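Student: I would like to see how this sequence folds:
(chains A, B, C and D, ligands or ions: 4)
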Amino acid sequence: MTETMTMAGAINAGLRLALENDPKTLLMGEDIGRLGGVFRVTDGLQKDFGEQRVIDTPLAESSILGAAIGMAMRGYRPVAEVQFDGFVYVAFDQIVSQLAKMHARSSGLVKMPVTVRLPYGGGIGAVEHHSESPEAYFAHTAGLRVVTPSNPVDAFHLVQQAIACDDPVIFLEPKRRYWDKADVDMSAEPPLPMSSARVVRQGADVTLVTYGPMVRTCVEAASAAALDGCEIEVVDLRSLAPLDIDTVAQSVSSTGRCVVAHEASVFLGLAAEIAANVAEVCFYDLEAPVLRVGGFHTPYPPSRLEQHFLPDLDRVLDAVDRAMAY
Amino acid sequence: MTETMTMAGAINAGLRLALENDPKTLLMGEDIGRLGGVFRVTDGLQKDFGEQRVIDTPLAESSILGAAIGMAMRGYRPVAEVQFDGFVYVAFDQIVSQLAKMHARSSGLVKMPVTVRLPYGGGIGAVEHHSESPEAYFAHTAGLRVVTPSNPVDAFHLVQQAIACDDPVIFLEPKRRYWDKADVDMSAEPPLPMSSARVVRQGADVTLVTYGPMVRTCVEAASAAALDGCEIEVVDLRSLAPLDIDTVAQSVSSTGRCVVAHEASVFLGLAAEIAANVAEVCFYDLEAPVLRVGGFHTPYPPSRLEQHFLPDLDRVLDAVDRAMAY
Amino acid sequence: MAIPSHAPDDRFVQLLTPEGERIDNSDFPLEITDDELRSLYRDLVLVRRVDAEATALQRQGELGLWAQLLGQEAAQVGAGRALVAGDMAFPTYREHGVAWCRGVDPLALLGLFRGTTNGGWDPEAHGFALYTIVIGDQCPQAVGYAMGIQNDEADNAAMVFFGDGASSQGDVNESFIWASVFNAPVVFFCQNNQWAISEPLERQTRIPLFQRAWGFGFPGIRVDGNDVLACLAVSRHMLQRAREGAGPALIEAFTYRMGAHTTSDDPTRYRLDSDVEAWRLRDPLERVRSFLHKQQLVDDAFFDELDAEAEQLAERLREGTRALPNPSVDDMFVHAYAEPHSLVERQRREYADYLAGFSGGAES
Amino acid sequence: MAIPSHAPDDRFVQLLTPEGERIDNSDFPLEITDDELRSLYRDLVLVRRVDAEATALQRQGELGLWAQLLGQEAAQVGAGRALVAGDMAFPTYREHGVAWCRGVDPLALLGLFRGTTNGGWDPEAHGFALYTIVIGDQCPQAVGYAMGIQNDEADNAAMVFFGDGASSQGDVNESFIWASVFNAPVVFFCQNNQWAISEPLERQTRIPLFQRAWGFGFPGIRVDGNDVLACLAVSRHMLQRAREGAGPALIEAFTYRMGAHTTSDDPTRYRLDSDVEAWRLRDPLERVRSFLHKQQLVDDAFFDELDAEAEQLAERLREGTRALPNPSVDDMFVHAYAEPHSLVERQRREYADYLAGFSGGAES
Ligand SMILES: Cc1ncc(C[n+]2csc(CCOP(=O)(O)OP(=O)(O)O)c2C)c(N)n1
Ligand SMILES: Cc1ncc(C[n+]2csc(CCOP(=O)(O)OP(=O)(O)O)c2C)c(N)n1
Ligand SMILES: [Mg+2]
Ligand SMILES: [Mg+2]
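Tutor: Ligands and ions are numbered 1, 2, ... in the order given. Modelled structure (predicted):
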């Protein structure tokens, strides 16, 4: 049946189904139980599934990940929440040295079906360390998968696909889109495999590649550009590692132009990989270099400046214009 | 006066000068004192400068960095050694959340002249976690500088430039080149600014961009290619953040072709940024896409397989051939 | 002072009862003048007023967030007043009372929560480091700073603040090890306000927190965190022994977070009003007020003047907050690095050109 | 057993003196048959032989590295033999003796140090997790596994091994907190071999390590790490109470690293032979040997057979090591992920094509 849900609600619904469908699934994190999470994403789950399956943990992210790894060894499917992007670095070693490598080093004997839920990105006027975009760190780390929904429907399905996956998945939740609403058919099959990208708007002039919180911005930019007669094709990556480069390349080979947009610093951000990759596979099709628009190479600024750090509709269109000018 | 030195010896000499020239400089790390470091890079320094300036610390990298930050606040210039690449992730939070941001968040009031010495890279037949190439994590992090020498002369000067710099510098030491020798004139001025790249071999046909441990491999590849009449220009980046893209672009605009090689996984590795950047600034000069050769998107394999993971002369030349084939 | 690892129980140090009765404690004698007593009360009142005003400003939309210290005034003023020139305090994000004692203008704190800055004051000038939001990160930094004090052979100490929840972080426990191994002049001041957002103390430990020190070989002691005299006396004692080379100590200030975790928190979801009520009877201000009264150290004029002063302060904060200048876009680029950085400079130029393309209005 | 946080001193539990005299300890009675005694000795001898052989193989260039356990045989065999089916051990990189007791073929360990694998055995099948090289990482994992045991209501426990140096890592201390808060069935077994590469114990703590447990609210106890009977008795006791729901415990096995840190280390740079000599008198094997003698539980034939068995084992290791197959290039790609991964598959294809371009010889 279909319900109108926020992205936060859709993730909650997805988690609930995962808990119902597999007794080995459990959630762990800070304030996820009685409080239901600082964003209420786990609201009501501890009440319904108990303290052994929805675990309020001590304030120690490294051990949240370490314990999740141990539970996975024991046959569980832990979903570990790290409360905010800026606090995942404390757990970086367990993620990069242990979680990501366990399957390879055990020659496949030890599976790591661990999902790491991480609210990320800026735009909510938060204090320091609450607006980080760490996706490139994880995407560069072999052994991990990285996915991020841009809307409630994808959020509902992707979180379940991530939990069902036998590999560790970093599930990035665009916190400034938590309250975006959409109709979610909870009985429907997932519309796409977990690692596939989606063309969310078609256009013949230029391909605009983005993900997570920037998808809405880019679709709005496309609408605005359409008024000036520029047809932008918008690709929502959904999966950052691996990348569905075929879908991107197919679009670029028809438009001949490509702009990539994200909140993270451009330098070595996802856009770098996409630009390098597209430039190679679409070398003869490109009429302009792949242009990147994103954060600057500065620490995330105080929130009164974030509208400058975050690419908005105008900066995206500026990049599109520059691409069209070639 | 000029001496023939290994890279390890050159870094030791550079550290010694830094300790002599500034009483605020101090070294901290595991086994750097009495043992002189597992690679003997700090050999003899504790004996000559005492336990208060060359500090054997508890086995806790996060606190090595945290304490270094506190000492920097107190006006010191700490040089923190992390024993191996694979153990720096434990300290990732202090580096990314604190060290990198302190200057910005204090509006420049608090300087962080901290140097983090980190042996990195593979090729020494080591056990797990001793052959990592984490440079992209740090290069993507705004607030940090990342440099890496490829030879004893640069090592001698770069380590001193890093310590003298008022910004935090991740100083990556290519451990498989520790025993490479060269003549070092210890009275000479630094040949280049810390953040400048160097053309180490000239060539008209293709630009080969690399750094650290791969420079020697690439120069050897260039020599081999020369026999077949292919003139490769080799650029040693030296600084990974910021990148001296002008030097790279100048070369590429004359050769029209570019290959980037490093040990790290290619996906979102430094080569991605260089390819994206070069493709943009040299769009009309490129006769072939920028090609990347490096590690695979797999955890670093057991050492018996590392010769496959690490790009060697043949794989570099294969990429060069493919670039020439366009 | 011997390591109290054989303490039979976990009674805390109290010098002033909730009813305002003075208790003597031979371990922690406190010589204090009447003026000091009055000024301590003044600090408590003004700090609470800053907190109340900031909370109100957040409600009015002038601040994005505020972390209330309500209920923790005594712990913070007691500790803050024990620090001397040259000492360095390392706060979390809730140490507004310590900031006050270190001479940091409350407006600087408000700027932080308004989003006009991520810093706001000169740590060295005030002996008060920047706020730290990543739980526990400040602890190893404080130890490193203390090791610097040691190297400098200075007669000072560092004091680092953290909460009951923070006690679970690896960095906090590592800092105990370093402080102990290097015998660093650092005092760990843990405000156990019973909550880490929605998680009660039992999620972090099953024994009293001050006993954590027993595992690391230095003194741990619990004080009545709502008793400013006890907090002052014990902090002075531990700081002095640290300055004298006797090494680190852990002080657990047993108190209660009377307000929400922050203005975006809703404590009714996880705790009972009755608990809060019970703690209201141990209010840190009331006991001092009644003590001053009983001792006849104050008259009505004193309270009237103090109220007036608080009112003026509140007024200044209200106006000052609204008048806080927004940071300039350039700051973002200029302060990213201490030395020239080619990439940041290019981005700065390009973005300036981009903004110039608009009617000046786009530039905030 | 009460938390010994009031223990007046730090004496250790010893059931067998260096001279081979049996001591009774009412807290840790040990019922043990003669057969068990003999087989314990057998394990000690064979484990030491594995270690010696591996060290020799490294010298001959057959292994890239080897981390010797010389001197720690009793600690590891005592702990390892206390584990039962269904328990899970989490080792560092030096627990060859525990691996032996868990039925892991020493050849698998040799493969790890030869570089043919980063794993080598099935953790679940042996109740022995993979070696962990990043100091301390295994501790939170062990607690998580123990929490899983708890959820499963299984009658088992986890035992995690770490060293004196590791005790300084944040993760290790966090794991103490989790174990205590969740009352997880996990036993922390710390082999204090006095050294962390070149750093002596004083760099990690200024009080006896077993007392670390006092700060976290569970029992901490020191045993003679060179006394296999004491290690067995205390491990059995702590594991059993964990299985019964009494929660975690910390065992400090007081021992000594007789060899170098690893084959690439040179201990003469940082420690005195005299120290090593003093510890040689406390050899973990000798005391059992002389006890068996005095008790006349063995005859010469026993020793002869054991020597022969050790010789055969050594022979098997020598030949087996040289015969260890190199991993195939494909393994690197195939095991990176459990499920299909487009990028890895593409790289696998491309690299196979690349190799095919050479005379097959390039493929190792
Ligand atoms: C490493 C890290 N994890 C999580 C958070 C989110 N967070 C902010 S405050 C808080 C609770 C802190 O509790 P406590 O240490 O008792 O301090 P209090 O807020 O009670 O003063 C949490 C979990 C954070 N800031 N840093
Ligand atoms: C996080 C981390 N830092 C540093 C190292 C390098 N290292 C390997 S062993 C070792 C010493 C460990 O000492 P201890 O814990 O006492 O164990 P032991 O080697 O004595 O058995 C160090 C520093 C590492 N493996 N992991
Ligand atoms: Mg608290
Ligand atoms: Mg040791």
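Student: every contact and neighbour count from this point should use C-alpha atoms.
Tutor: Noted.
Student: what does the stretch 201-350 of chain C have sitting close to chain B?
Tutor: Within the stretch 201-350 of chain C, the positions lying close to chain B (Cα under 8 Å from any Cα of the partner chain) are C:331-332, C:335-339, C:341-343.
Student: out of these, which are buried?
Tutor: Neighbour-count burial within these applies to C:331-332, C:335-338, C:341, C:343; the criterion is 16 or more other Cα atoms under 10 Å in any protein chain shown.
Student: could I get these as TSV with distance to ligand 1 and secondary structure?
Tutor: Shown next, in TSV, are those (distance: Cα to the nearest ligand atom, whole Å; DSSP: H, G, I helix; E, B strand; the rest coil):
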residue	distance to ligand 1	secondary structure
C:331	25	helix
C:332	23	helix
C:335	24	coil
C:336	22	coil
C:337	25	coil
C:338	27	coil
C:341	30	coil
C:343	30	helix
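Student: closest to residue B:298 among these?
Tutor: residue C:343 (30.6 Å; Cα to Cα).
Student: contact partners for the closest residue to that closest one other than its chain neighbours?
Tutor: Once flanking residues are discounted, residue C:343 sits nearest to residue B:242: 6.1 Å by Cα to Cα, 6 or more residues apart in numbering or on different chains. Contacts for residue B:242 (Cα atoms under 8 Å, 6 or more residues apart in numbering or on different chains) come out as B:139, B:145-146, B:195, C:341-343.
Student: just the ones of these in helices?
Tutor: Using DSSP state H, B:139, C:342-343 are the members of those that sit in helices.
Student: nearest to residue B:53, of those residues?
Tutor: Nearest to residue B:53 out of the ones in helices among the contacts of residue B:242 is residue B:139 (Cα to Cα; 28.7 Å).
Student: identify the residues contacting that closest one.
Tutor: By Cα under 8 Å, 6+ apart, the residues touching residue B:139 are A:267-268, B:145-146, B:240-242.
Student: tell me the spacing between it and ligand 1.
Tutor: For residue B:139, the distance to ligand 1 equals 23 Å [Cα to the nearest ligand atom, to the nearest Å].
Student: over to residue A:138?
Tutor: 18 Å.
Student: now do that residue against residue A:89, distance only.
Tutor: From residue A:138 across to residue A:89, the span is 11 Å (Cα to Cα, to the nearest Å).
Student: one more: residue A:16?
Tutor: Distance of residue A:16 to residue A:89, computed by Cα to Cα: 28 Å.
Student: higher neighbour count, these two?
Tutor: Comparing residue A:16 with residue A:89 by other Cα atoms under 10 Å in any protein chain shown, the one with more neighbours is residue A:89, at 25 against 18.
Student: the closest residue to that one other than its chain neighbours: neighbour count?
Tutor: Excluding the flanking residues, the one nearest residue A:89 by Cα to Cα, 6+ apart is residue B:93, at 4.6 Å. Look at residue B:93: counted by other Cα under 10 Å, it has 25 neighbours.
Student: let me know the helix or strand that the residue in chain A that ligand 2 sits nearest to is in.
Tutor: Nearest to ligand 2, among the residues of chain A, is residue A:93, at 8.9 Å (Cα to the nearest ligand atom). Secondary structure assignment for residue A:93, by DSSP states H and E: helix A:92-93.
Student: and the next element down the chain from that helix?
Tutor: With DSSP H and E, the next secondary element past helix A:92-93 is helix A:102-105.
Student: before we move on, back to that, just put the residues of the stretch 201-350 of chain C next to chain B in JSON lines and tack on pLDDT.
Tutor: Listed next are these as JSON lines, based on pLDDT from 0 to 100:
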{"residue": "C:331", "pLDDT": "95"}
{"residue": "C:332", "pLDDT": "97"}
{"residue": "C:335", "pLDDT": "98"}
{"residue": "C:336", "pLDDT": "98"}
{"residue": "C:337", "pLDDT": "98"}
{"residue": "C:338", "pLDDT": "98"}
{"residue": "C:339", "pLDDT": "98"}
{"residue": "C:341", "pLDDT": "98"}
{"residue": "C:342", "pLDDT": "98"}
{"residue": "C:343", "pLDDT": "98"}
